[in-house]
Each structure stands twice: as structure tokens, then as C-alpha cells.
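1. Pasting the sequence and the predicted coordinates here, then a few questions.
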Amino acid sequence: MTISAILDFEKTLEIFKNKIQTLLGLEELRDWDGKRLQEREQAIRHTSLELAGQCIALLLNTLSQAPLAQQQAHKRTESSRGFGS
């Protein structure tokens with residue numbers, strides 16, 4: 001499953017909040033059992049990992065746009081591109 005980077009922190013948090021609020025909702029309590037609880041736990045964990053992935057995408061995007069980071073990356077990879085000694 002591919003999830004596109006949003007690159008907007010506020011939008012990312014809003015999407016996360018909406019998904020989590022849905023997952024925290026309790027419908028028909030008499031239908032709950034261990035299997036249903038486990039499925040909900042997994043969905044919460046997956047949604048949290050999506051948030052972490054979006055935050056990492058934001059960090060990488062910020063780094064990729066920083067001139068000093070670009071200079072350092074260029075300098076550190078120069079020899080592997082065949083230009084250095």
C-alpha cells in the first residue's frame with residue numbers, strides 16, 4: 001500500500017485526528033470481543049505509523065530544501081559520483 005506524502009503538518013494532524021477519533025468510538029458494545037479489540041488495536045497502531053511516516057516525509061522535505069543540507073549532501077557524495085579522489 002502506497003501512501004502519498006501530504007507535506008502539510010496541520011492537514012496531517014487533522015487527518016490523523018479524524019481517523020483516531022473514529023477508531024476510539026464504541027459501537028454496539030455487546031459485539032466486542034478479543035478479536036475485535038485486537039483489530040482495533042492494530043488499526044490504531046497502523047494509523048499512528050502513518051502519522052510517523054508523514055512526519056518523516058516532512059523532515060526529509062525540509063532537509064532537501066535547505067541549502068546547507070544540499071551542500072553537505074553534494075560534498076559527501078562527490079567521490080561516489082566519480083568527481084573526487
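-> Cool, the structure landed.
2. which stretches of the chain have low pLDDT?
-> Scanning the chain with the threshold set as pLDDT under 70 gives 83-85.
3. make it 50
-> By pLDDT under 50, the low-scoring segments of the chain are 85.
4. biggest helix in it by residues?
-> Ranked by residue count and defined by DSSP state H, the top helix of the chain is helix 34-65.
5. gap between that helix and the chain center?
-> Its chain's average C-alpha position is 5 Å from that of helix 34-65, according to Cα atoms, centre = their mean, to the nearest Å.
6. Which positions within that helix qualify as buried?
-> Neighbour-count burial for helix 34-65, counted by 16 or more other Cβ atoms under 10 Å, picks out 47, 50-51, 54, 57-58. For glycine as for every other residue, the C-beta is placed from the backbone atoms N, C-alpha and C.
7. In TSV: the residues you listed, plus distance to residue 15.
-> Putting the buried residues of helix 34-65 into TSV (distance: Cβ to Cβ, whole Å) gives the following:
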residue	distance to residue 15
47	9
50	8
51	8
54	8
57	13
58	13
